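> missing the sequence, but the structure's below:
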């Protein structure tokens, strides 16, 4: 049985979960308190990070390479285009969300509001929360601009770029930190991707001490 060591609200773990679910690959989810840095965990990944995917006796780390490994082993349905230009655009946007969006938004909102409390790492820094709340507006506007020209973020078919974006936004949506009224194109895109069967597991997540907001699992939000 495949096994994914993960943290429920981690966008990097969610991206891998979405890829696995879209390709109908069964996996056992094992929550990993990575901040406790247990010896078993560090043996699985000396870098001390999640996700870790155990598949066919291998331990795979780093969400980007994991997703590409899954894509190469299980190419149907495709989450990367066949042409080099299309693959470049998907990879560019995955990097955008996992790097720029993560540093400017996710780390300032989700990590401050949730991770610090769960890890017992102190209180949220209000200046970081303000910076994240300001930055997300720019990112939503950029996504809206992309979606004015395309059906999905990277083109006319759904790709790993959409899963990378949805992984971050769904984590933030759990703590009601996304203004879905800011851009109608983004709202419609999220409703569309949120309704996919691959999203069911994510919408069922429950974080102790952080109840789901009423709209979180509503497909017609």
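Structure's in. What do you need? Bear in mind that the values here come from a model prediction, so they are computed numbers and not experimental data. Residues are numbered from 1 along each chain as shown.
> C-alpha only now, for contacts and for neighbours.
Will do.
> in this structure residue 181 contacts residue 190, no?
No: between residue 181 and residue 190 there is no contact under CA atoms under 8 Å: 11.8 Å.
> more neighbours, these two?
Ranked by neighbour count (other CA atoms under 10 Å), residue 181 and residue 190 place residue 190 first, with 19 against 9.
> grab the nearest non-local neighbour of residue 76.
residue 23 (6.7 Å; CA to CA, 6 or more residues apart in numbering).
> so the one you found is in contact with residue 74, correct?
Yes: the pair residue 23 and residue 74 passes the contact test of CA under 8 Å, sitting 7.2 Å apart.
> show me what contacts residue 30?
Contact analysis of residue 30 by CA atoms under 8 Å, 6 or more residues apart in numbering lists 3-6.
> same question for residue 210.
residue 175.
> and it, how far is that from residue 134?
23 Å (CA to CA, to the nearest Å).
> residue 216 in helix, strand or coil?
Three-state call for residue 216 (DSSP: H, G, I helix; E, B strand; the rest coil): coil.
> what's the neighbour count on it?
Other residues close to residue 216 by other CA under 10 Å number 17.
> for it, list the residues it contacts.
Residue 216 neighbours (CA under 8 Å, 6+ apart): 173-174, 203.
> which one of these sits in the busiest neighbourhood?
residue 174 (23 neighbours).
> the lowest-mean-pLDDT helix or strand in the chain: how far from the chain's middle?
Least confident helix or strand of the chain, by mean pLDDT, DSSP states H and E, is helix 116-119 with a mean of 88. Distance, stretch centre to chain centre, for helix 116-119: 19 Å (CA atoms, centre = their mean, to the nearest Å).
> secondary structure element holding the residue most central in space within the chain?
Among the residues of the chain, the one closest to the centroid is residue 167, at 2.1 Å (CA atoms, centre = their mean). Per DSSP states H and E, residue 167 falls inside helix 160-174.
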